[in-house]
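Colleague: Build me a model:
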Amino acid sequence: MLVKVYGSAVFGIEATTITVEVNIDKGIGYHLVGLPDKAVSESSYRISAALNNNQYNLPGKKIIINMAPADIRKEGAAYDLTLAVGILAASHQIKSEAIEEYIIMGELSLDGSLQPIKGALPIAIKAREEGFKYFILPKQNAKEAAIVNDIQILGADTIQEVINHFNGEQLIEPTIIDTRAEFYKNVDFPEHDFADVKGQESIKRCMEIAAAGGHNIILIGPPGSGKTMLAKRLPSILPPMTLQEALETTKIHSVVGKVKNAGLMYQRPFRSPHHTISNIALIGGGNNLPQPGEISLSHNGVLFLDELPEFQRSVLEVMRQPLEDREVSISRAKFTVTYPSSFMLVASMNPSPSGYFNDPNSPMTSSPHEMQRYLSKISGPLLDRIDIHIEVTPVPFEKLSDERKGESSVEIRKRVTAAREIQSERFKETENLHYNAQMNVKHIRKYCELSEQSKQLIKTAMEKLNLSARAYDRILKVSRTIADLANSENINPEHIAEAIQYRSLDRDGWLG
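Modeller: Numbers count the residues shown, from 1 in each chain. Take a look at the predicted model:
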């Protein structure tokens, strides 16, 4: 008997429906075709043991299974349940009248229990688009898939529950989640809060500006000055994710199996890879089926690179194109996968190898030559994509011991959100432009007009502080954000003056 059941394969962050055709005929043997990888080919052993341990069996006949389309490579053990249900239906061990209405996915253990899968959310979205009514999957993934409405999500713990469901003995209860209620309930409770940071008021102000305009930022300071602590709190002052952004972000994390019982992600991601990370781990890729890298896992959030000069230069250089295009394309001989990567880059570094350059109270010092060599590990083109450079100084004891709480992230976020709303209104007619950091030269000339007094101020600053040419447009972008925070239509001299402070690495004596 021939039976068709349906599974799904995930490529990039999109799913493709896979038709599993199971034919049982006279003869003997088990033949699996349709470009399966090793994990899929080994499924017969897991299926056989799982069925035997639940008082079912593989039929002693000739079993031919085709996974169509046959030119797409099928990877992973998530097809175990699909194949097992197909075999049971084709051998009349379960009823199969409405089986074409189901997408079925799950990895089998030898005792018949189901293990979680990757990509449950994009699979559920595709299943709904193609008109499937039900999605059977492991219970650990049910909450994640239940984000999608208009399809019943049936989470099972064992294959026995799935068999009972098809036989009508005990139906699996659908998992139902009110996505909007869950999302808005959790959106205003950040894990890290700026209220916990002692002192560093000027740096907090700088972080607020970066968040308001979506600007990339680099923090330069000695060890223990609070760079990492400040960076970890940046997501808490970014505007709350919209429901669409939350779905996009959850899809990417679903592909790599990082969602499971969490359901919809409501906080912006914060990723902090170690400096030994490889090109592929950062940008994404892989031998057969490319996986998203850290820059895509940071989509709609923050990518924090601690001790930036310690990263391999080749690793840092692969970020240049994604920082501009807000997406990364990974090409292979037979296909190309595109992952979104619209993130804020936050980097930190010591000013010198010892970390205490020009500190008269430190016994460890570095010569200007050592410092210059250390800083030159960061290329000019990469630095060109970082709008704000700020020096972080250690917090004195008096402020560390102060019991008073600082301003909370929720209060700062209100100002940031108001500034972002101004930018959204300003750029509503321009495609793919949402906040100030995304402006190109043409937009800067249009939206950053200066008075004669402001022009004279920036000219004087560039001459006296030996600012490089790359600093000019960055200063204008940042000053536009500062004006938005002040709810000012025009860029005033005080906005320019503050923005000039945030270009430390362009000054003579740093990178030249």
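Colleague: Show me the shaky parts of the chain.
Modeller: 180, 182-190, 260-262, 287-288, 354-367, 397-403, 469-470, 506-512 (pLDDT under 70).
Colleague: Tell me where the longest helix sits in it.
Modeller: helix 409-426 (DSSP state H).
Colleague: Figure out how far that helix is from the centre of its chain.
Modeller: The chain centroid and the centroid of helix 409-426 are separated by 22 Å under C-alpha atoms, centre = their mean, to the nearest Å.
Colleague: Check stretch 425-435 too.
Modeller: With C-alpha atoms, centre = their mean, you get 23 Å for stretch 425-435.
Colleague: got a list of contacts for that stretch?
Modeller: 213-214, 326, 420, 423-424, 438-439, 443, 447 (C-beta atoms under 8 Å, 6 or more residues apart in numbering). For every residue, glycine as well, the C-beta is placed using N, CA and C.
Colleague: Sort out which of those residues are in helices and list them.
Modeller: Per DSSP H, the subset of the contacts of stretch 425-435 in helices is 213, 420, 423-424, 443, 447.
Colleague: Out of those residues, which is nearest to residue 331?
Modeller: Using C-beta to C-beta, residue 443 is the member of those that lies nearest residue 331, at 30.0 Å.
Colleague: now the closest one, nearest residue through space, not along the chain?
Modeller: Among residues not flanking residue 443 along the chain, residue 433 sits closest, at 6.7 Å (C-beta to C-beta, 6 or more residues apart in numbering).
Colleague: what's the spacing between the one you found and residue 439?
Modeller: 7 Å (C-beta to C-beta, to the nearest Å).
Colleague: of these two, who's got more company?
Modeller: residue 439 (23 against 18; other C-beta atoms under 10 Å).
Colleague: Most neighbours of all the contacts of stretch 425-435, which one?
Modeller: residue 213 (27 neighbours).
Colleague: neighbours of the residue lying closest to residue 396 once chain neighbours are set aside, just the number please.
Modeller: Nearest residue to residue 396 in three dimensions, chain neighbours excluded: residue 199, at 7.2 Å (C-beta to C-beta, 6+ apart). Using other C-beta under 10 Å, residue 199 has 17 other residues around it.
Colleague: and residue 199, which of the three is it?
Modeller: Of the three states, residue 199 takes coil according to DSSP: H, G, I helix; E, B strand; the rest coil.
Colleague: Could you verify my assumption that it touches residue 395?
Modeller: Yes: under the criterion of C-beta atoms under 8 Å, residue 199 makes contact with residue 395 at 4.1 Å.
Colleague: okay, now the domains of the protein?
Modeller: 2-166, 185-438 (automatic domain parsing).
Colleague: To residue 174, which of these lies closest?
Modeller: domain 2-166 (4.4 Å).
Colleague: for the stretch 401-512 of the chain, what spans make up the helices?
Modeller: 409-426, 441-447, 452-464, 470-485, 493-500 (DSSP state H, counting those that start in this stretch).
Colleague: Need the winner for burial among these.
Modeller: For the helices of the stretch 401-512 of the chain, the largest average neighbour count (mean count of other C-beta atoms under 10 Å) is found in helix 470-485, namely a mean of 23.
Colleague: quick one: it to helix 452-464, angle?
Modeller: 140 degrees (axes from the mean of the first three to the mean of the last three C-alpha atoms, to 10 degrees).
Colleague: List the contacts of helix 470-485.
Modeller: Residues contacting helix 470-485 (C-beta under 8 Å, 6+ apart): 208-209, 212-213, 215, 380, 383-384, 387-388, 415-416, 419, 422-423, 436-437, 439, 441, 444, 447-448, 450, 458, 462, 467, 489-492, 495-496, 498-500, 502-503, 506.
Colleague: Surely residue 135 forms part of a strand?
Modeller: Yes: assessed by three-state DSSP, residue 135 belongs to a strand.
Colleague: and residue 196, how many neighbours?
Modeller: 12.
Colleague: contacting residues for residue 94?
Modeller: 85, 88, 163, 166-167.
Colleague: Please tell me how far it sits from residue 167.
Modeller: For residue 94, the distance to residue 167 - C-beta to C-beta - is 6 Å.
Colleague: and what of residue 27?
Modeller: 28 Å.
Colleague: what's near enough to touch residue 170?
Modeller: 161, 164.
Colleague: Mind giving me the packing neighbours of the lengthiest strand in the chain?
Modeller: Longest strand of the chain, by residue count under DSSP state E: strand 14-25. With contacts taken as 3 or more C-beta pairs under 8 Å, 6 or more residues apart in numbering; DSSP states H and E, strand 14-25 sits against strand 2-11, strand 62-68, helix 80-90, helix 120-129.
Colleague: what angle do it and strand 2-11 make?
Modeller: Going by the same axes, to 10 degrees, strand 14-25 makes 150 degrees with strand 2-11.
Colleague: Excluding residues flanking it in the chain, which one is nearest the most centrally placed residue in the chain?
Modeller: Central residue of the chain (C-alpha atoms, centre = their mean): residue 297, 2.3 Å from the mean position. Of all residues not flanking residue 297 in the chain, residue 271 sits nearest, at 5.3 Å (C-beta to C-beta, 6+ apart).
Colleague: Go ahead and confirm the one you found touches residue 294.
Modeller: Yes: applying C-beta under 8 Å, one finds residue 271 in contact with residue 294, separated by 5.1 Å.
Colleague: Which one of these two is surrounded by more residues?
Modeller: Between residue 271 and residue 294, counted using other C-beta under 10 Å, residue 294 has the larger neighbour count: 21 against 18.
Colleague: got the contact list for the more buried one?
Modeller: Counted by C-beta under 8 Å, 6+ apart, residue 294 has contacts 271, 273, 277, 281-282, 303.
Colleague: how far away is residue 118 from residue 78?
Modeller: 7 Å.
Colleague: now do residue 117
Modeller: Residue 117 is 4 Å from residue 78, where distance means C-beta to C-beta.
Colleague: for stretch 41-49, which positions count as buried?
Modeller: Going by neighbour count (16 or more other C-beta atoms under 10 Å), the buried part of stretch 41-49 is 43-44, 46-49.
Colleague: So what's the gap between that stretch and the chain middle?
Modeller: Distance, centroid of stretch 41-49 to centroid of chain: 34 Å (C-alpha atoms, centre = their mean).
Colleague: With stretch 59-74 instead?
Modeller: That offset, for stretch 59-74, works out to 35 Å (C-alpha atoms, centre = their mean).
Colleague: Nice, that's everything, thank you.
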